[in-house]
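**Student:** have a look; sequence and predicted model below, questions after that.
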Amino acid sequence: MNTTLLIVIAIVVVLIFVVIRIYNQLVTLKNRFQNGFAQIDVQLKRRYDLIPNLVEVAKGYLSHERETLEAVISARNQASSALQNASQNPGDQGSMAQLAGAEGILGSAMGRLNLVMEAYPDLKANQNMMQLSEEMTSTENRVAFARQAFNDSVMSYNTYRQSFPAVVFAGMFGHSTDASLLEFEDRAEIQHAPKVSF
């Protein structure tokens with residue numbers, strides 16, 4: 001009788017340790033992807049802070065291109081708002097889709113601004129514009145790296161959450177849904193950071 005009782009107690013203890021390990025691993029992986037999104041947040045805010053400076057420098061040269069400049073600022077504000085929403089719940093499917101859409105609109109507006117600026121060699125040669133261009137390019141690269149790290153963390157979390165035996169306990173521990181990747185509609189944007197040149 002004692003041997004059977006000891007075996008049952010040992011099995012219960014092992015199960016308790018397995019459940020504790022699953023819970024801790026889910027928390028660790030969730031914190032990791034949330035931290036990954038925080039890195040994206042930092043870099044996107046940096047880019048959003050650079051855009052008004054870029055527009056301000058361009059204003060003197062592009063006075064008759066007011067509509068393009070306003071479109072860039074409007075897109076920047078929309079993207080900033082989407083980023084604030086996504087920061088409240090990183091990994092949420094709706095928030096990630098909204099942020100990706102806003103970033104797509106901002107990328108299009110910045111692309112139109114770049115096309116307009118190509119016609120102004122004096123603007124391209126402006127020292128402030130060259131410095132802002134370098135900072136924007138650097139920031140775009142940082143955003144791409146941060147997004148890749150976030151997506152990798154989300155995949156690790158989702159894979160673990162869906163794996164056995166974690167899938168049995170995930171819902172009980174508040175991990176009932178997958179986290180969403182931060183993807184852009186245009187696959188080419190994922191592979192290449194937008195190039196900003198003046």
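**Tutor:** Cool, got the structure.

**Student:** and residue 33, what is it in contact with?
**Tutor:** 90, 91, 150, 153, 154, 156, 157, 179 (C-beta atoms under 8 Å, 6 or more residues apart in numbering). Using the backbone N, CA and C atoms, a C-beta is placed for each residue, glycine as well.

**Student:** next SSE downstream of the one helix or strand the fourth one maps to?
**Tutor:** In this assignment (DSSP states H and E), residue 153 forms part of helix 127-162. Next helix or strand after helix 127-162 toward the C-terminus (DSSP H and E): helix 166-170.

**Student:** in this protein, which helix or strand is least confident?
**Tutor:** Least confident helix or strand, the chain: helix 187-191 with a mean of 39, by mean pLDDT, DSSP states H and E.

**Student:** what element comes up after the longest helix along the chain heading to the C-terminus?
**Tutor:** What stands out as the longest helix in the chain, according to DSSP state H, is helix 2-59. For helix 2-59, the succeeding helix or strand toward the C-terminus, using DSSP H and E, is helix 66-88.

**Student:** pull out the buried positions in stretch 168-180.
**Tutor:** 170, 173, 175, 178, 179, 180 (16 or more other C-beta atoms under 10 Å).

**Student:** which of the residues you listed lies closest to residue 81?
**Tutor:** residue 180 (18.4 Å; C-beta to C-beta).

**Student:** residue 142 against residue 44, yeah?
**Tutor:** No - taking contacts as C-beta atoms under 8 Å, residue 142 lies outside contact range of residue 44: 9.5 Å.

**Student:** and the two? which has more neighbours close in?
**Tutor:** Set residue 142 next to residue 44 and count neighbours by other C-beta atoms under 10 Å: residue 44 wins out with 25 against 18.

**Student:** count of neighbours near the nearest residue to residue 47 once chain neighbours are set aside?
**Tutor:** In space, and not counting its chain neighbours, residue 47 is closest to residue 139: 4.6 Å by C-beta to C-beta, 6 or more residues apart in numbering. Look at residue 139: counted by other C-beta under 10 Å, it has 20 neighbours.

**Student:** what sits against residue 139?
**Tutor:** Residue 139 makes contact with 43, 46, 47, 50, according to C-beta under 8 Å, 6+ apart.

**Student:** go with 10 Å
**Tutor:** Listed by C-beta atoms under 10 Å, 6 or more residues apart in numbering, the contact partners of residue 139 are 43, 44, 45, 46, 47, 48, 49, 50, 193, 196.

**Student:** kindly provide the distance from the fifth one to residue 23.
**Tutor:** Translated: residue 47. 37 Å (C-beta to C-beta, to the nearest Å).

**Student:** higher neighbour count, these two?
**Tutor:** Using other C-beta under 10 Å, the more surrounded residue of residue 47 and residue 23 is residue 47, with 24 against 17.

**Student:** list the contacts of that one.
**Tutor:** 54, 76, 79-80, 83, 103, 106, 110, 135-136, 138-140, 142-143, 196.

**Student:** rerun at 7 Å
**Tutor:** By C-beta atoms under 7 Å, 6 or more residues apart in numbering, the contact set of residue 47 is 136, 139, 143.
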